[in-house]
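Student: Mind folding the following:
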Amino acid sequence: MLLQMEQITKKYGDFTANEAINFSLREGEVHAIVGENGAGKTTLMRMLYGMEIPTSGSIAVRGKEVSFDSPRDAIANGIGMVHQHFMLFPSFTVAENIVIGTEPSSAIGFNRKQAVQQVKALSEKYGMPVPPEKKVSECALGTQQRMEILKVLYRGADIIVLDEPTAVLTPIEVKELLTAIKSLASQGKSIILITHKLHEVMEVADRITVLRNGKVTGTLNKTDTNIEELSRLMVGRELAPVIKQEPLQGKPVLKVRNLSLQGEGGKPVVDQVNFTVHAGEIVGIAGVSGNGQTELIQSICGLLPTHTGNISLLGTSLINKQPHQIRQAGLAHVPEDRYQWGSAKDRTVLDNGIMGFQRSKQKLGILHHKALRDMVAGWVKKFDIKTSSIHNTAQNLSGGNLQKLIVARELAQETPFLITAEPTRGVDIGAMEFIHDQLLAKRKEGGAILLVSSELSEVLKLSDRILVIYEGKIVGEVNGHEATEEAISLLMAGGGNNHE
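Tutor: Predicted coordinates:
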């Protein structure tokens, strides 16, 4: 056995993150670890990588017991970890990022030419193409993901831990990454894959370990299990199917007319877009990332100026309005990037929860502190947000738990219109089910929802109407009850007529 972790326990005061966990890894194997947010997956791997010290238990690599005090120790033992949030220097080139810390040198210092050659050779060997001389800031997320994997391969890792590697990737990039994982395993590398996405697990894993509340609830061969069983082991119950009711199709809430936005060089990134969202319906926008979805959302929210056209909410034009004025007009927004747009990670869970309520929950400029604390504490309980205190900083929350906090906050605004972009990115299947139920409940109460998601299955599951965006244009509209993945995928690839 290449890796053996036995009876691993990790405690933080009275809280037990991992309890007596046994985990093993064979050479050339892909072993997936799945579980809900806060189940202890990342904590377990942080101990393997030397970022945390186990309270008790033992770790053996290649039959030899080891003890890691830092990631440097883990790297020296052939273990590399690719974190959920990339650790790259945007102003450096791809090659510089990959070799940093172990740079090839010459008599006059850093040998840039050799670094480029080494990165080219490495990327070709493992079938993970990257542009060595391009700056990271100019690279797509899929390329940045490959860079992170090449970084650990460059340092000689035989065991590679991937923590939620597909959380920010497009469907095409996901397929490319899964192919790369299979290729790495076929070349003798051993992969530990942490993910919430069970269909990905069933595609690439050899074995699967399920965690729930810090304990192992099962370790299974992929050939002996299925998504339904894994779901039960993760959440401890059967998941109820989403039942989509007929839309209310009430009065128009959001109207977008002839909207265009210019990008670099004057090229439109949103091009003559028209659509309406009514009360009591969910309108989904499907499209490969980078086709104008982000700019469309930011324009509606007042974060980007429009070039031409009009946006109105309940008859009020939103053009040239500030974001806080647009929110006051009746808009709430779950942003696609929870860290850049949705939260202040250095502030507390409470501070992040009350964002947007500072005007409504005050009198004469004084906040109603008890009411606000009770409100956020109620969300923590209702949404099962794993935190020991609302006074902890948001950066101590897992990505999925922070996402649940943001969704709870925006739903609690009780606005007539909600934009929700990637609402379940990085959350487990139990939380995903709960968030979907909350969105459907808002719709049933007459709320109008614009849903943008790179998860086509999510768009198909929730939407009453689906608009497909391609190169900044709406190229088709499909009834949500009649839509098929094949039809939507064809439109996402540009096969369709413009929607008027």
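
Student: R232 - how many residues pack around it?
Tutor: Counted with other C-beta atoms under 10 Å, residues neighbouring R232 total 15. C-betas here are computed from N, CA, C, even on glycine.

Student: I'd assumed it was in a strand, is it?
Tutor: No. Assessed with DSSP: H, G, I helix; E, B strand; the rest coil, R232 is helix; it does not lie in a strand.

Student: Lowest-scoring secondary structure element of the chain by mean pLDDT?
Tutor: Lowest by mean pLDDT, DSSP states H and E among the helices and strands of the chain is strand 362-363, with a mean of 71.

Student: how would you label G218: helix, strand or coil?
Tutor: Going by three-state DSSP: G218 is strand.

Student: The least confident helix or strand of the chain pairs with which strands?
Tutor: Sheet pairing here is set by DSSP bridges, and for strand 362-363 it gives strand 366-367 (antiparallel).

Student: Can you name the secondary structure element that comes next after the strand it pairs with?
Tutor: helix 369-382 (DSSP states H and E).

Student: Check which helices and strands the helix or strand just after that following helix sits against.
Tutor: The helix or strand immediately downstream of helix 369-382 is helix 399-412, counting by DSSP H and E. Judged by 3 or more C-beta pairs under 8 Å, 6 or more residues apart in numbering; DSSP states H and E, helix 399-412 is in contact with strand 331-334, helix 349-354, helix 369-382, strand 417-421, helix 429-444.

Student: Keeping just the C-alphas, turn the third one into CSV.
Tutor: Which is helix 369-382. Extracted C-alpha coordinates of helix 369-382, given in CSV (Å, rounded to 0.1, in the frame of the first residue of the first chain):
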residue,chain,number,x,y,z
HIS,A,369,-27.6,44.5,17.0
LYS,A,370,-29.7,41.8,18.8
ALA,A,371,-32.1,41.5,16.0
LEU,A,372,-29.3,41.1,13.5
ARG,A,373,-27.5,38.5,15.6
ASP,A,374,-30.7,36.5,16.0
MET,A,375,-31.3,36.8,12.3
VAL,A,376,-27.9,35.4,11.3
ALA,A,377,-27.9,32.8,14.0
GLY,A,378,-31.3,31.6,12.6
TRP,A,379,-29.8,31.2,9.1
VAL,A,380,-26.8,29.2,10.5
LYS,A,381,-29.3,26.8,12.0
LYS,A,382,-31.8,26.7,9.1
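
Student: and for it, what are the contacting residues?
Tutor: Applying C-beta atoms under 8 Å, 6 or more residues apart in numbering, the contact partners of helix 369-382 are 349-350, 353-354, 357, 361, 385, 387, 390, 405, 408-409, 412.

Student: Buried ones among those?
Tutor: Among the contacts of helix 369-382, those that count as buried by neighbour count (16 or more other C-beta atoms under 10 Å) are V349, L350, G353, I354, F357, I385, T387, I390, L405, A408, R409, A412.

Student: Look up how far G356 lies from the closest residue to the fifth one other than its chain neighbours.
Tutor: Closest residue in space to F357, ignoring its immediate chain neighbours: L372 at 6.6 Å, by C-beta to C-beta, 6 or more residues apart in numbering. Between L372 and G356 the computed distance is 11 Å (C-beta to C-beta, to the nearest Å).

Student: got any residues that touch both of those two?
Tutor: Joint contacts of L372 and G356 (C-beta under 8 Å, 6+ apart) do not exist.

Student: Domain map for the chain?
Tutor: 3-235, 252-492 (automatic domain parsing).

Student: can you tell me the distance between the two ends of the last one?
Tutor: End-to-end distance for domain 252-492, by C-alpha to C-alpha, to the nearest Å: 26 Å.

Student: Repeat that for the first one.
Tutor: Taking C-alpha to C-alpha, domain 3-235 runs 27 Å from one end to the other.

Student: could you give the mean pLDDT of that domain?
Tutor: On average, the pLDDT along domain 3-235 is 90.

Student: Distance to E246 added to the domains of the chain, as a markdown table?
Tutor: Shown next, in a markdown table, are the domains of the chain (distance: least, C-beta to C-beta, whole Å):
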| stretch | distance to E246 |
| --- | --- |
| domain 3-235 | 28 |
| domain 252-492 | 8 |
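
Student: For the closest residue to T424 other than its chain neighbours, the count of nearby residues, please.
Tutor: Spatial nearest neighbour of T424, chain neighbours left out: M432 (4.3 Å); criterion: C-beta to C-beta, 6+ apart. Residues lying near M432 (other C-beta under 10 Å) number 22.

Student: Pull up the gap between M432 and V204, please.
Tutor: Using C-beta to C-beta, one gets 20 Å for the distance from M432 to V204.

Student: Also Q322?
Tutor: Per C-beta to C-beta, Q322 is found 46 Å from V204.

Student: okay, the two: which has more neighbours?
Tutor: Neighbour count, other C-beta under 10 Å: between Q322 and V204, V204 has more, with 19 against 10.

Student: got the contact list for the more buried one?
Tutor: Residues in contact with V204 (C-beta under 8 Å, 6+ apart) are V30, A32, L178, I181, K182, A185, L193.

Student: Take these and keep only those in helices.
Tutor: Judged by DSSP state H, these include L178, I181, K182, A185 as members of helices.

Student: so where is the stretch 301-450 of the chain shaky, pLDDT-wise?
Tutor: Applying pLDDT under 70 to the stretch 301-450 of the chain flags residues 364.
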